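*Asks:* Quick one, fold the following:
(chains A, B, C and D)
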Amino acid sequence: MTNRFRTASGGRIDRAAPLSFRFDGQTYSGFAGDTLASALIANGVHLIGRSFKYHRPRGFLSAGSDEPNALVNVARDAARAAPNLRATQVELHEGLKAQSQNRWPSLSFDAGAVNDLASPFLPSGFYYKTFMWPAGAWKRFYEPKIRAMAGLGVAPELPDPDRYTQNHAHCDVLVVGAGPAGLAAALAAAESGAKVILCDEQAELGGSLLSEISATIEGQKATDWLAATLANLAGRDNVTLLPRTTAFGYFPHNLIALAERVTDHLATPGTALPRERLWQVRAREVVIAAGALERPLVFPDNDRPGVLLADSARTYANRYGAKVGERAVIFTACDAGYRAALDLKAAGVTISAIADLRAEVSGELPARALAAGIDVRPSTVLVGAKGRLRVSSAQLAKVKNGAVGPTETIACDSVLMSGGFTPSVHLFSQSRGKLVWDGAAGAYLPGTSVERERSAGACRGVHGLQRVLEDGYAQGEAAAKASRDHASPARGATPAPATPSRAFAANAEDLGSAGFIGATPHGRNPALAKAFVDWQNDVTSKDILLATREGMRSIEHVKRYTTTGMATDQGKTSNMNTLGIVSEALDTPVPKIGLTTFRPPFTPTTFGIFAGAARGDVFDPLRKTAIHDWAAEHGAAFEDVGNWKRAHYFPRAGEGGRMEDMHAAVARECKAVRASVGMFDASTLGKIEIVGPDAAEFMNRMYTNAWAKLEPGRLRYGVMLREDGFVMDDGVVGRMAADRFHVTTTTGGAPRVLAHMEDYLQTEWPDLDVWLTSTTEQWSVIAVQGPKAREVIAPLIEGIDLSKEAFPHMCVREGTILGVPTRLFSVSFTGELGFEINVPSTYGRAVWEAVYAAGERFGITPYGTETMHVLRAEKGYIIVGQETDGTATPDDANLGWAVGKAKKDFVGKRSLARDAMSAPDRRQLVGLKTTDPKVVLEEGAQIVADPSAPVPVPMLGFVTSSYHSAVLGRSIALAMVKGGRARIGQKLMVPMPTHAIEVEVVEPVFYDPKGERLNG
Amino acid sequence: MQKFSGFELFRRALGGHKSWQPQWRNPEPKAEYDVIIVGAGGHGLAAAYYLAKEHGITNVAVIERGWLGGGNTGRNTTIVRSNYLFDESAALYEHAVKLWEGLSQDINYNVMYSARGVLMLAHNHHDEISFKRHVHANRLNGVDNEWLTAEQVKEFCPPLNITSMRYPIIGGALQRRGGTARHDAVAWGFARAADSRGVDIIQNCEVTGIRRNASGAVEGVETSRGFIRAKKVGVSAAGHTSVVMAMAGLRMPLESYPLQALVSEPVKPAFPTVVMSNTIHAYISQSDKGEMVIGAGTDAYTSYSQRGALHITAHTLDAICELVPQFRRLRMLRNWGGIVDVTPDRSPIIAKTPVPGLYVNCGWGTGGFKATPGSGHVFAHTIARDAPHAINAPFTLERFRDGFLIDEAAAAAVAH
Amino acid sequence: MLIITCPWCGARPEVEFRYGGEAHIARPADPSALTDQEWADFLYNRTNPKGLHAERWRHIHGCGRYFNALRDTVSDFFVTTYKAGEPRPDIDASSGGNP
Amino acid sequence: MVESPSMTLPLAPARPLTALAAASRDVAAARLVALGDAARLVFRGREAAIGPAGEAFGVALPRESCRFNAAGGRFAFWLGPDEWLLLAPGAEAAPIFAAIEAATSGLPHSLVDVSARSVGIEIAGERAAFVLNQGNPLDLSLDAFPVGMCTRTVFHKAEIVLVRHAPDVFHIDVWRSFAPYVWELLEDARRELA
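*Replies:* Here you go, the predicted model:
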């Protein structure tokens, strides 16, 4: 198709590079350098979307990131669909496919538009006032209807295959915005040697200069100066230029988050590059040069397709060579309307009239408009516009002493409006700087800085190209100087310079700070006129007046009640006009109304860049022991325990080649350990080496047990409490020497225990001569358990007398195993004779394999965590975190014996003396046997005396561990039961949803209660 | 109070909605009230409403530093559930859920209570035991909660990824009566209903001191708009509780942390329920407007700054993208922070204090919204009767002295 | 992500640190001599100020040391950091954010 | 790299990065190398023990924060005010351990052999810092992180010790079970480099 609305020449598009693209299934053409918006406009397409609530037809409002209407879905393929992208920011590439949203069946005929007819009954907050009857209908009926209507685009349905990366960067000066102020700031900072990052959200750096056709800087055309300046900056080692990069968040201590769009503009992006990149920039100094946003005027029918911001229309013409129409009416409250009129006229657009809200029209631009023969009408407002899918006429009327006169209708295909410019203070406000109302400028401007930041140019109310350049340069220079004076960004700001340090010769129209805030008068029946304040959310001036009528006085209340400013543009086009309307309605000056908070992100930011590379296997560290691969090669099933993957069980092919299920594998593994020997990878246990002359004293303070008398070469089971008296961790501790302990912790508890110990050691007892070193990963731990354990390892061990007499239960010896140094523990978590072979991890697998080979003649059976759990439960050994839950005392867990009663103090001791800790109904560890031995209780099931009691049924406790014991031929369970030890012998019930299970409370040791097997 | 209904909406539409009156007055503070509530969040407004409705105490002021509902009420992710483990907690939160179920009709304001279900994901055996313990205890306490297998999780919430992830989902606990409500409507609805019963809601009025008489009892509060007399003062100031209680000389077992939340751009319905994962730290639901509402745990350090760190948000979203990988291309629209007051056992304090006439409702941590009506209801009882309701009797300050903690966090979060 | 000045390693990003709660709450020398209320004060009650807060941090992914900091909990700016065992510096928040 | 002491034993050592390193792509701008075995000891102690420990090791223990000393192919990394990581590539830990213990006998200290606890990774090339900065938040410019600096820090969700040996040469020392995670994320960060 032809570009009927292209200018004859000019613009920054590459007319030698035509591109073909599709919108709503239709093929169009554009040029390299176009946005989707400019290309559609060049094709005469203005109908681009439907509004959120009333489904009104909408066209482009702006040419930038403030666009509220032109939201489209762009999809490279089914998995790469992105909803809600602004067509004004989507760069055209060959083959681009875009779809309009929030319409059915089509954009030009949308069934949802029935809402527009019903709009009198759907004012702001209508949903708070109705849909309440009958009770329950909200969830079943009304809410699904409302939900289906709401939402704009369609969420992607397939996992996003693209990559996102993150990068931390540091610089002396970060400049946000590469318009004239930002460029000058970057130049000044770069020239003084500072390390500079300059970013801009647009594809091209240059900001407003990209739309200039007549301005000059330093005697050159502004665009030539821009090219030269960019070349200058790009040629410097100390400057990083980041186009397509939005500074979206200002975080404490000068951390600024940037989102760089890396590949969306490429027709064939390949796989090497990420789609987007998060830059986390720690800047010593920041220069915010974010410019200003043009304000719409709030008049009836201002949402017709073809009604757009005047300066955006100028950008389409000057930068993209796209005419917004053939006949335009302009409604303005400042000189921007005239500037747009002149440039559009030059581009070949007929300017039918300029309605100026101001009574006094003077100055250079209006004079040039008059000279160009344009019909200029002071004290004139637009009171309406016609045209459903495209504006076809505008109604103008004179305003005199506040009264609106008769209307005149002027045919047109576009209406350009300008209410003036709002400084873009978003990032400044995010930095927690206080905004100050400037009555003369009619705007909120940056006040005192909190962070090490300064604003430059239009975003702080400076206007006129020359002053903007000079301000930018001065701020950039000052920022560079400040960055040299202070080392850390974690400090407050220094004041902005007052005087420019370099003069720029620039020639361009100065639009001044004139403008209008609020709704313009229209004299029409207010019930029938819709003057939009927030386009996307369909908030009209009426809605805001209704909110104030209903008592919403805070601007936050007005915002939340009407949803103005809460659309995907976050109020960029609506906030100031809302303030103006509220101010008038409450007869309160704007600065007294307050301002809604500017929150990150500045523009919507892809989830993917926050997640970055963290996905799948590298979502979190995936920790494997040195023996992991052997287990995997031998068919182990694994389970997640913290970051670790642990072998859960080792299924084997049974009869007929079928793989065992977990129960069969665990039964086999358990029997093997009890009958002969098994081996288990216990490497994930936490280990801490505690060394120093005061090691025993430190142990005494940290654990409930007494340690002073533990001889070197002996092991002891230790219990650690939190200061509040509850069990925190447990583990076997070996005394290697008078001044050296080898401490083990639970798998998940390792970092917590070390941190807990360091806390006390460093902050409470720094006088103790003792040091802690994590050795978790130094040692692989191979548990060899079962009556044949000694026979299995004996041939491999050198330097240790393994005889019962020389090496009884709970001892540690150092020697070698096949030449590898080992710390050999005689310890059991199974109740059988057992050893734990600690070897340096590098040899963990080799030693494991050697033990496996040596055990073959005994049928040695590798077993996993599930068998370990069953075996220890048969013995009544607790697992911290399973039997205990952070609310159990040592006595609750039958560990009272491990508490050194004679010790004057240890961490947690004082808390044990509180009333609650010895209350008679505390839950205590017991065993449970189901009356029916085949029934295995559910872990987590509750225990009651009378399951038929009325709700709430009094509960006595719960099942903590429950298994089928193959060795005992029945089920077993451990439980925490109120006053449990006194209930031994009682029958209780475990109620399930459909029935209750009878259990007997028993001692929590089911197997070898005398512990005779421990010694083999 | 003007009645809200579809008919009224229709009727007044014909008049261009000109006849709607303010939903609440904007009164000047009186010299004296029977009860002053400090803090016009959901909890404080609910307490004022129930004081008037249930106890006939209408000479009540709710004093608010900023604008009503502007604290955590207007900043939270609006999840409502009651499947707590311990009897005391279950009773408290279930009390609230029962009130939620009839709240729109009771206060004649559609709070959009949406019982779309709250699904808590289990990623490992420890989660499974913990959730099953909750499920069984809840059933016996009359609270709905059920265990779902991984397949049932997927069926109930099809957008979830349950297998191809670092910590595959092995099941979940579902409370079908749980869901969400519209946070602003809760504040506004209670404000309107309380106001209509005579309660003065005084916004932009900061409490600067608590005046006590010679015997130590409360006499009233100093405010930025002058002294206001009252023999009973109920503090319902969330993250600022420590600050207000310090005015009465009390040091509290509280720390205030930043809690962040965020929403995506609105999209068509794509997520049917509320999903929470404690293991990978994130939760998500979709608002009626279409935004994905997302949150996680608190930031690491105490703060009143009402904002948090970027890396916390990043970790929240890496968890969400792991759970729902098709949402990677969605975009964050808004990110904000609140200040949550956290107790050592993660359970609230709703109680009398050592100061006669001073009552406190605090320590809701990250989960206060769900309790709003129930909390206000029992707090009103505590103030009116100078004695706790049976439901909040265990939630005392003294439990920290005596050791009778209600430690939901410990019971759920200890990994092995 | 805050920048925290470790007394040994200098200014480093927050992710290297672990927050340690209110500072200068020494563990009583003889806990058994305390009443339950006194013990609860030590265990649980916190100043939780809105403003300057003396707090503990540990440079856990750095030098591993615990140290103390004065931070304004409204702005999150640090006034100073100092080594464990040193007394709280006698400065107020208004002295500005210059460590 | 250096011959491993394992060659003297009948059992074969196994290291966590062998397979990943074998499959790794050569990227000149950021080369990745899995370093060989080394003796690693953590020395902690009071003032009196610090000098003798360094003498026995053959490298004076640096007293300046976040700096390392090197001599005779051995390295002493400052990790904390009373903590050093002693690294001797290719060496056996036992004789070094014995020598330091002998020199510091009676002086309050702690010496722990952690040779197998971690593994080394070298990342070298002009984009090495860029690759590291995708998971590490430190300023890796030469001003802020000069040659001769070492520190514990983080890489994504793993703790590492990061060392700069030359402007374009960094070493990472990372606990063995975290090493594949770190390696894979370094690989991911290198994907966009030719």
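
*Asks:* Please state the backbone phi and psi of the residue of chain D found nearest chain C?
*Replies:* As assessed by CB to the nearest CB, chain C sits closest to D:Gly80 within chain D, at 3.8 Å. All C-beta atoms are positioned from the backbone trio N, CA, C, and that covers glycine. With angles defined as degrees, to the nearest 10, D:Gly80 sits at phi -160, psi 170.

*Asks:* List the contacts of it.
*Replies:* The contact partners of D:Gly80, taken as CB atoms under 8 Å, 6 or more residues apart in numbering or on different chains, are C:Trp8, C:Gly62, C:Cys63, C:Gly64, C:Arg65.

*Asks:* so what's whichever residue of chain C sits closest to chain D closest to, chain neighbours aside?
*Replies:* Using CB to the nearest CB, the single residue of chain C nearest to chain D is C:Cys63, 3.8 Å away. Nearest non-adjacent residue to C:Cys63, counting by CB to CB, 6 or more residues apart in numbering or on different chains: D:Gly80, 3.8 Å away.

*Asks:* Kindly report the same for A:Gly1011.
*Replies:* A:Gly831 is the one closest to A:Gly1011 (CB to CB, 6+ apart), at 7.2 Å.

*Asks:* again, but for B:Glu54
*Replies:* Nearest non-adjacent residue to B:Glu54 (CB to CB, 6+ apart): B:Ala380, at 6.3 Å.

*Asks:* count of residues packed around A:Gln26?
*Replies:* Per other CB atoms under 10 Å in any protein chain shown, the neighbour tally for A:Gln26 reads 10.

*Asks:* Which positions are bridged to it in the beta structure?
*Replies:* A:Phe23 (DSSP bridges).

*Asks:* Now do it against A:Ser108, distance only.
*Replies:* Here the criterion is CB to CB, to the nearest Å. By it, A:Gln26 lies 12 Å from A:Ser108.

*Asks:* List the beta-bridge partners for the nearest residue to C:Ala84 once chain neighbours are set aside.
*Replies:* Once flanking residues are discounted, C:Ala84 sits nearest to C:Tyr66: 4.8 Å by CB to CB, 6+ apart. Beta-bridge pairing for C:Tyr66 (DSSP bridges): C:Arg58.

*Asks:* mind listing what A:Asp739 touches?
*Replies:* Here A:Asp739 is in contact with A:Val691, A:Gly692, A:Pro693, A:Ala695, A:Ala696 (CB under 8 Å, 6+ apart).

*Asks:* now do B:Ala300
*Replies:* Here B:Ala300 is in contact with B:Ala309, B:Ile312, C:Glu14, C:Arg18, C:Tyr19 (CB under 8 Å, 6+ apart).

*Asks:* and if you look at B:Leu51?
*Replies:* B:Val35, B:Ile57, B:Thr58, B:Val60, B:Val199, B:Ala380, B:Ile383, B:Ala384.

*Asks:* could you give the mean pLDDT of stretch A:443-450?
*Replies:* Over the span of stretch A:443-450, the pLDDT mean works out to 94.

*Asks:* Against A:Glu191, how distant is the closest residue to D:Ser141 other than its chain neighbours?
*Replies:* If the residues on either side of it in the chain are set aside, D:Ser141 comes closest to A:His170, at 6.5 Å by CB to CB, 6+ apart. For A:His170, the distance to A:Glu191 (CB to CB) stands at 20 Å.

*Asks:* Neighbour count: those two, which is higher?
*Replies:* The neighbour comparison of A:His170 against A:Glu191 (other CB under 10 Å) goes to A:His170, with 22 against 18.

*Asks:* Just say helix, strand or coil for that one.
*Replies:* What DSSP: H, G, I helix; E, B strand; the rest coil gives for A:His170 is strand.

*Asks:* what residues go with each domain of chain B?
*Replies:* B:25-78+B:183-254+B:345-402, B:114-178+B:255-342 (the TED database).

*Asks:* Just give me how far the longest one sits from the chain centre.
*Replies:* Remark: domain B:25-78+B:183-254+B:345-402 is offset 14 Å from the chain centroid, using CA atoms, centre = their mean, to the nearest Å.

*Asks:* Could you do the shortest one as well?
*Replies:* Its chain's C-alpha centre lies 16 Å from the corresponding centre of domain B:114-178+B:255-342 when counted by CA atoms, centre = their mean.

*Asks:* ends of that domain, how far apart?
*Replies:* The stretch domain B:114-178+B:255-342 measures 27 Å between its terminal residues, going by CA to CA, to the nearest Å.

*Asks:* Buried residues in the strand or helix carrying A:Tyr316, which are they?
*Replies:* Assessed by DSSP states H and E, A:Tyr316 sits inside helix A:310-318. If you call a residue buried by 16 or more other CB atoms under 10 Å in any protein chain shown, then helix A:310-318 has these buried ones: A:Ala310, A:Asp311, A:Ser312, A:Ala313, A:Arg314, A:Thr315, A:Tyr316, A:Ala317, A:Asn318.
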